[in-house]
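Q: Coordinates for the following, if possible.
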Amino acid sequence: MATQARVRTDEAHRRTVTLSTADIARFLQDTLGSALTAHIAGVKDPKMVVKWAAGTTTPGAEREKRLRATYQVFQLILEAEDEYVARAWFIGMNPQLDDEAPADCLRESRFRDVMAAARAFLSGG
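A: Numbers count the residues shown, from 1 in each chain. You can find the predicted model right below:
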């Protein structure tokens, strides 16, 4: 079981580092929506996500890190659940995060906390 989880984590990581920022923004726009993606990235205007997804502009380094971390966690959850469960996981209160939503934690760049919460979720916790 641990080996299977490691393969999922490695595959999610591989996809995260090989895609362009525009591809990641487009995926998140399609699955989480522009407003939630903008919230996670730390921008007020959801139109910025549309521009990132179109490749007409790129986010700054910190925002790109948030987008890539969000994509990686989403991909990890998507290996075991459907996209609706994954989206709900991002916006719901999470006991592993002291009842904060993973989306809010990602906005605060708490990547390790969110990844640990995702792994706990996938292991049944």
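Q: now the helices for this protein?
A: When secondary structure is read from DSSP state H, the chain shows helices at 2-18, 21-32, 34-41, 47-54, 61-78, 83-91, 102-107, 111-122.
Q: Low-confidence bits of the chain, can you list those?
A: Residue ranges of the chain with pLDDT under 70: 1-9, 12, 16, 125.
Q: measure the residue nearest the centre of it to Gly124 for me?
A: With distances taken as Cα atoms, centre = their mean, Thr70 lies nearest the centre of the chain, 1.6 Å away. The gap separating Thr70 from Gly124 is 23 Å, by Cβ to Cβ, to the nearest Å. In this view, the C-beta of every residue, glycine as well, is placed from N, C-alpha and C.
Q: Repeat that for Thr57.
A: 41 Å.
Q: How about Gly33?
A: Using Cβ to Cβ, Gly33 is found at 28 Å from Gly124.
Q: Comparing those two, which residue is more hemmed in?
A: Gly33 (14 against 5; other Cβ atoms under 10 Å).
Q: Could you list the buried residues of stretch 19-39?
A: Residues 19, 21-22, 24-29, 31-32, 34, 36-39 are the ones in stretch 19-39 that count as buried (16 or more other Cβ atoms under 10 Å).
Q: same deal with stretch 38-55?
A: In stretch 38-55, the ones that count as buried by 16+ other Cβ under 10 Å are 38-43, 46, 48-50, 52-53.
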